[in-house]
Every structure is written in structure tokens, then in C-alpha cells.
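Asks: can't give you the sequence, but here's the structure:
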């Protein structure tokens with residue numbers, strides 16, 4: 001696959017993508033390394049996971065702060081990223097203490113719940129540096145807002161209204177999306193892949209496609225990304241339609 005949308009889920013990592021033949025495919029991987037190795041023709045992947053981590057100081061990543069400002073009422077969907085040192089903890093209580101010691105603030109349960117996935121991606125990028133240029137951190141709510149011409153989503157994505165709101169938006173970019181979603185729902189158990197995980201991956205995939213194929217602009221926040229102590233970018237990207 002050349003253009004991917006990737007979302008972490010209970011069953012691992014769910015991917016939706018498009019290859020040179022223009023066909024859309026999907027898969028659920030146990031780990032991010034397997035996903036990477038299975039998509040060697042990759043040109044761009046938008047992934048919903050923090051990339052680039054602080055190792056000191058109280059200031060959080062600028063991209064997280066700016067994303068909340070843009071999202072307004074959906075701002076609580078942007079969790080503060082843990083410090084890198086906290087990723088090695090075995091339990092939340094330990095990670096919380098490490099984050100307090102290193103950053104002067106605790107670690108939320110929401111952030112801890114995705115820490116193992118953050119560690120997977122962090123390890124992959126450090127061992128295969130080229131991944132940092134191909135896996136770009138994105139946030140589904142920023143992506144949905146961008147695809148909706150900067151109109152923020154009205155409902156929480158986990159509600160029926162929120163699911164339908166996002167599905168109808170994505171249908172304007174992929175008319176046969178209902179058949180695709182039905183096929184994915186039939187192939188995987190909800191305990192491994194939730195409905196909103198599917199929509200998140202679809203939004204990320206369609207954004208990657210707009211950027212790579214339909215010549216939308218890739219916008220980064222902040223405009224000049226910060227770099228963490230390992231030289232990894234700390235940014236969140238989303239698509240913007242070029243007005244000609």
C-alpha cells in the first residue's frame with residue numbers, strides 16, 4: 001500500500017490504504033513493525049499516535065497545545081503525551097510518578113492507556129529512522145474538521161449521531177464507503193476493532209490520499225516543528241485544500 005491511515009485499537013493497529021492499482025484495502029496487525037514490513041511501497045501514512053516525546057521540563061509539546069486551540073469543543077480528545085522515560089513503566093502508578101519527576105506533572109489514565117503503542121512507534125522510528133519521514137502524526141478530529149472545510153464535528157464520535165456525522169462526511173470523498181465499513185465490521189470483532197476506530201482510520205487514509213494524489217497541502221502544527229532529544233519531529237499534520 002502507498003497511502004495509509006493507521007489507528008491504534010484494542011486488537012493492535014488497524015490500517016486502511018490504497019496501492020498503485022487504486023484499490024482500497026485494510027488489515028489489522030498485532031504490532032506496528034509488522035505493519036511497516038508489510039507496506040514497503042509506502043509513500044505517506046497518517047497515524048493517530050504521538051510521535052516525538054519530551055524528556056524534561058514542564059512544557060508539553062506545542063503541537064498538542066495548538067491542536068486543542070484549533071479544535072475548541074473537541075479539544076479534550078487531544079491527550080498530553082507522556083515523557084519518554086514513562087514508557088518503560090509497568091503500571092500506571094509507576095508511570096505517573098516518573099512523569100511527575102521528569103515533567104513536574106502527572107500522567108492521565110487516557111495517556112497511559114496508549115503508552116504501549118507510543119512505545120512501539122518510538123522504538124520503530126529509532127531503529128528505522130526513515131519511518132519518521134513516512135509515518136506522520138495526525139489527529140482524527142483535526143482531519144475530520146479539515147475534510148469538512150474547517151467545520152468542527154458537532155457530536156462525539158462514540159455516539160450514534162457522531163458516527164453518522166463522520167460517515168456522511170467521509171462518504172462525500174468515498175461514495176461506496178458504507179459497503180467498505182460493512183465489510184470491515186463483518187471481518188473483525190468489536191472487542192478488537194471499534195466502529196469509531198474504523199472511521200478514524202478512514203479519515204486518516206482519505207486525508208493521506210488528498211495530500212498525495214489530489215494535491216492538497218500538508219499543514220504542520222506548529223509550522224516549524226519542534227524536535228525531541230532523539231531528533232524526532234514533534235508535530236501534528238492535517239490536509240488543507242489548495243484554492244486555485
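Replies: Nice, thanks for sending it over. Computed from a prediction, not measured in an experiment: that's the story for all the values here. Numbering: from 1, shown residues only.

Asks: residue ranges with poor pLDDT in this protein?
Replies: Along the chain, the parts satisfying pLDDT under 70 run over 243-244.

Asks: go with 50
Replies: Across the chain, nothing is flagged by pLDDT under 50.

Asks: residue closest to the middle of it?
Replies: Closest residue to the average C-alpha location of the chain: residue 48 at 1.0 Å, with CA atoms, centre = their mean.

Asks: for the residue lying closest to that one once chain neighbours are set aside, what are its contacts?
Replies: The shortest distance from residue 48 to any residue other than its chain neighbours is 5.0 Å, reached at residue 7 (CB to CB, 6 or more residues apart in numbering). C-beta here means a position set from N, CA and C on the backbone, and glycine is covered the same way. Residues near residue 7 by CB atoms under 8 Å, 6 or more residues apart in numbering: 13, 14, 47, 48, 140, 197, 200, 201, 204.

Asks: what's the burial count for residue 137?
Replies: Residue 137 is flanked by 23 other residues according to other CB atoms under 10 Å.

Asks: packing partners for the host helix or strand of residue 170?
Replies: Using DSSP states H and E, residue 170 sits within helix 160-171. Packing partners of helix 160-171 (3 or more CB pairs under 8 Å, 6 or more residues apart in numbering; DSSP states H and E): helix 140-147, helix 177-187, helix 195-212.

Asks: quick revisit: how about the contacts of residue 7, which pair is most distant?
Replies: 13 and 140 (14.5 Å; CB to CB).

Asks: hmm, who's touching the strand ranked longest in the chain?
Replies: Scanning the chain for the strand with the most residues, using DSSP state E, yields strand 217-227. Contact with strand 217-227 is made by 52, 61-63, 66-67, 70, 136, 146, 211, 233-242, as judged by CB under 8 Å, 6+ apart.

Asks: out of those, which are inside helices?
Replies: Among the contacts of strand 217-227, the members falling in helices (DSSP state H) are 62, 63, 66, 67, 70, 146, 211.

Asks: most neighbours, which of those?
Replies: That'd be residue 63 among those, by other CB under 10 Å, with 25 neighbours.

Asks: give the contact list for that residue.
Replies: Taking CB under 8 Å, 6+ apart, we find residue 63 in contact with 137, 221, 222, 225, 226, 234, 235, 236.

Asks: put the buried members of those into a ChimeraX selection.
Replies: In ChimeraX, this line selects whichever of those come out buried by 16 or more other CB atoms under 10 Å:
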select :137,221,225,234,235,236
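
Asks: considering the contacts of residue 63, which is situated nearest to residue 153?
Replies: residue 236 (16.6 Å).

Asks: for the closest one, list the residues it contacts.
Replies: Going by CB under 8 Å, 6+ apart, the list of residues near residue 236 reads 63, 64, 66, 67, 137, 138, 139, 142, 220, 221.

Asks: not counting its neighbours along the chain, what's nearest the last one?
Replies: Okay, so that is residue 221. Nearest non-adjacent residue to residue 221, counting by CB to CB, 6+ apart: residue 66, 4.5 Å away.

Asks: measure that neighbour to residue 174 for me?
Replies: Distance, residue 66 to residue 174, using CB to CB, to the nearest Å: 29 Å.
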